[in-house]
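> from the sequence below, what's the structure:
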Amino acid sequence: MYLDHAATSWPKHPDVLDAMDRYARECGAASGRGQYQSANQADAILHSTRRGISRLIHGASPNSIAFFSNGTQAINAAIAGIVRDGDHVVTTAAEHNSVLRPLSHLARTRNVNLTIVDCDRDGVVCANDILSAVTDATRLVAVTSASNVTGAEQPIQEIGQGLKQASQTPSSPAFLCDAAQSFGYLRIDVEAAEIDLLAAPGHKGSGGPQGTGFLYVSPAWHDRITASIFGGTGSQSESMEMPESMPAKLEPGNLNVAAIAGWNVAIEQLASRNDEHYAAALAAVSKQLNDGLRSIPSVTVLGSPARLPIVSLTIDGFPPSDLSAILDAEFGIEARAGLHCAARIHSFLGSAPEGTLRISGSAETTKQEIAFVIDAFRQIADSVH
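Numbering: from 1, shown residues only. Presented below is the predicted three-dimensional model:
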């Protein structure tokens, strides 16, 4: 039983896999590298996917969407493309290493001043704490939309609107949102939340394959973000410099069109689903997991129940790694143990230094599966207590 959807969603929809196979077998051309029919087909796949993502997040235009091989690369492109030597950056203790490690590297190598705002015992940051940390030297504010450890949602809209209200000058900091855990699960409106940069992988909540990701860049930052990877783009080849327009300036080299073809189908499915029914299904999975696991006396569930079905827990006497091994070997339950690439948050959750056992479901996780998981934890807890 697969319950590690916070790492990557599985299984993928058959139509997603069919689209990938069909592209590889019937087209296979590189995008932006020719004017013949199959190259145009590849271009059409990319444009359709850009358009679909832009509509899902209420973005300005398809050209605001740049493709990457995962969310981490998209975040790195945003950070490297915005932050300059000596700048100040504000982020939080709830962040994934995909945000913290690039910023830490810049702090060590480019004299970037980094402020990491604390979160509370639920893994939630206070919007006022972030806004209060901003100075005249702040170039970037980077906040995850939801914790990959607890599923806790951050006050993204309050932060984004607060930043815009505080400063409307060209030197205002960019607001970067890591939407790895929310894109595809929860609706995102970059305009309402005043998000300048939004990064996400395609293989989690949106149901696409691995090897996909995107960075949304708001029109106000199209000219200000710079390339951090350089190479051929299939356009302006006479120049030794990268193109100045989005998205080409951020997309050197061949894109993974086969994977994006599958992702395009997944995006179309997202656009056509009933959001109200989906949200109710997601909430029901989260509630059943939380209610059941929190009812076991020796199980400690960290944080408060969230809309996302991500539950992190510990059991007295069991290191998380042992719990994961027992669940896999004795119950056939696949779940992740450890720090989940987000070490700082565990100091606030009380789960440092070993981390947690994380159960992460999806809207398709059944009541019977959740009941089986809860019973497995009862048996494990009873074996010691």
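> quick check: which ranges of this protein have low pLDDT?
32, 168-170, 385 (pLDDT under 70).
> how is it carved up into domains?
Following the TED database, one finds the domains of the chain at 14-272, 275-383.
> who wins for proximity to residue 7 among these?
Nearest to residue 7, of all the domains of the chain, is domain 275-383, at 6.0 Å by C-beta to C-beta. All C-beta atoms are positioned from the backbone trio N, CA, C, and that covers glycine.
> now the end-to-end length of that closest one.
42 Å (C-alpha to C-alpha, to the nearest Å).
> what ranges do the helices span in this protein?
Here the chain has its helices, by DSSP state H, at 14-26, 37-56, 71-82, 97-109, 127-133, 156-166, 257-272, 275-294, 320-326, 345-349, 367-384.
> hang on, the earlier thing: including distance to residue 3 and mean neighbour count, could the domains of the chain go into JSON lines?
Below are the domains of the chain laid out as JSON lines (distance: least, C-beta to C-beta, whole Å; neighbours: other C-beta atoms under 10 Å):
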{"stretch": "domain 14-272", "distance to residue 3": "13", "mean neighbour count": "20"}
{"stretch": "domain 275-383", "distance to residue 3": "5", "mean neighbour count": "18"}
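> export those to TSV and append columns for distance to residue 2.
TSV is the format used below for the domains of the chain (distance: least, C-beta to C-beta, whole Å):
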stretch	distance to residue 2
domain 14-272	13
domain 275-383	5
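> not including adjacent chain positions, what is the nearest residue to residue 360?
residue 6 (3.6 Å; C-beta to C-beta, 6 or more residues apart in numbering).
> got the contact list for the one you found?
Each residue near residue 6 by C-beta atoms under 8 Å, 6 or more residues apart in numbering is listed here: 148, 151, 181, 204, 310, 336, 340, 358, 360.
> how distant is stretch 207-219 from the center of its chain?
Distance of stretch 207-219 from its chain centroid, counting by C-alpha atoms, centre = their mean, to the nearest Å, is 9 Å.
> and that stretch, how far apart are its ends?
Criterion C-alpha to C-alpha; first-to-last residue distance in stretch 207-219 is 27 Å.
> how close does the residue nearest the centre of the chain sit to residue 301?
A centroid search over the chain (C-alpha atoms, centre = their mean) returns residue 180, at 0.7 Å, as the residue closest to the centre. Distance, residue 180 to residue 301, by C-beta to C-beta, to the nearest Å: 22 Å.
> residue 205 now?
22 Å.
> same deal with residue 88?
Taken as C-beta to C-beta, the span from residue 88 to residue 301 is 36 Å.
> swap in residue 11?
Per C-beta to C-beta, residue 11 is found 27 Å from residue 301.
> try residue 383
19 Å.
> check residue 65 too.
37 Å.
> for residue 74, same thing?
Residue 74 is 31 Å from residue 301, by C-beta to C-beta.
> isn't residue 289 right up against residue 362?
No. Between residue 289 and residue 362 there is no contact under C-beta atoms under 8 Å: 11.5 Å.
> any shared contact partners between these two?
Joint contacts of residue 289 and residue 362 (C-beta under 8 Å, 6+ apart) are residue 309.
> residue contacts, residue 102?
75-76, 79-80 are the contacts of residue 102 under C-beta under 8 Å, 6+ apart.
> what's the closest of those residues to residue 279?
For these, the nearest to residue 279 is residue 75 (26.2 Å; C-beta to C-beta).
> for that closest one, what are its contacts?
Contacts of residue 75 by C-beta under 8 Å, 6+ apart are 98-99, 102, 142, 176, 178, 199, 215.
> from those, which single one is nearest residue 281?
Closest approach between the contacts of residue 75 and residue 281, by C-beta to C-beta: residue 178, at 24.5 Å.
> need the contact list for the closest residue to the closest one other than its chain neighbours.
Leaving out its chain neighbours, the residue that sits closest to residue 178 by C-beta to C-beta, 6+ apart is residue 144, at 4.3 Å. By C-beta under 8 Å, 6+ apart, the contact set of residue 144 is 92, 94-96, 99, 154, 177-181.
> mind putting those residues into a markdown table with distance to residue 246?
A markdown table is the format used below for the contacts of residue 144 (distance: C-beta to C-beta, whole Å):
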| residue | distance to residue 246 |
| --- | --- |
| 92 | 27 |
| 94 | 29 |
| 95 | 25 |
| 96 | 25 |
| 99 | 22 |
| 154 | 26 |
| 177 | 18 |
| 178 | 20 |
| 179 | 18 |
| 180 | 22 |
| 181 | 25 |
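> from these, which land in strands?
Taking DSSP state E, the ones among the contacts of residue 144 that sit in strands are 92, 177-178.
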